[in-house]
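> Give me a 3D structure for the following:
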Amino acid sequence: MTEENEAKGTFKYEQDSKRFHRYTLEADGGIVGMIYFPKDTTIPEAVTLKRKDRGKAGD
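This is a model prediction of the structure:
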């Protein structure tokens with residue numbers, strides 16, 4: 001994958017809910033969001049995401 005097709009960013013702890021640890025996500029190009037990790041799992045140092053388009057074979 002080339003640099004042009006990649007956005008890099010960080011996720012930072014925000015708060016806990018009853019079942020999840022909630023992290024805010026901020027990445028290149030104004031990408032923002034939330035990531036939820038179940039409380040019974042170890043929080044990874046890095047997360048890699050790949051786009052999955054709707055309607056493609058294998059979905």
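
> CA only for contacts and neighbour counts going forward, please
Will do.

> where exactly do the strands run in the protein?
9-16, 20-27, 31-38 (DSSP state E).

> Near Arg51, how many other residues are there?
5 (other CA atoms under 10 Å).

> do Arg54 as well
By the criterion of other CA under 10 Å, Arg54 has 8 neighbours.

> The strands of the chain into a markdown table, with extra columns for mean pLDDT and mean neighbour count?
Formatted as a markdown table, the strands of the chain follow (pLDDT from 0 to 100; neighbours: other CA atoms under 10 Å):
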| stretch | mean pLDDT | mean neighbour count |
| --- | --- | --- |
| strand 9-16 | 97 | 13 |
| strand 20-27 | 98 | 16 |
| strand 31-38 | 97 | 14 |
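
> got those strands as JSON lines, with distance to Arg54 columns?
Listed next are the strands of the chain as JSON lines, based on distance: least, CA to CA, whole Å:
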{"stretch": "strand 9-16", "distance to Arg54": "24"}
{"stretch": "strand 20-27", "distance to Arg54": "22"}
{"stretch": "strand 31-38", "distance to Arg54": "19"}
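
> And Val32, how far from Leu25?
5 Å (CA to CA, to the nearest Å).

> and if you look at Lys52?
18 Å.
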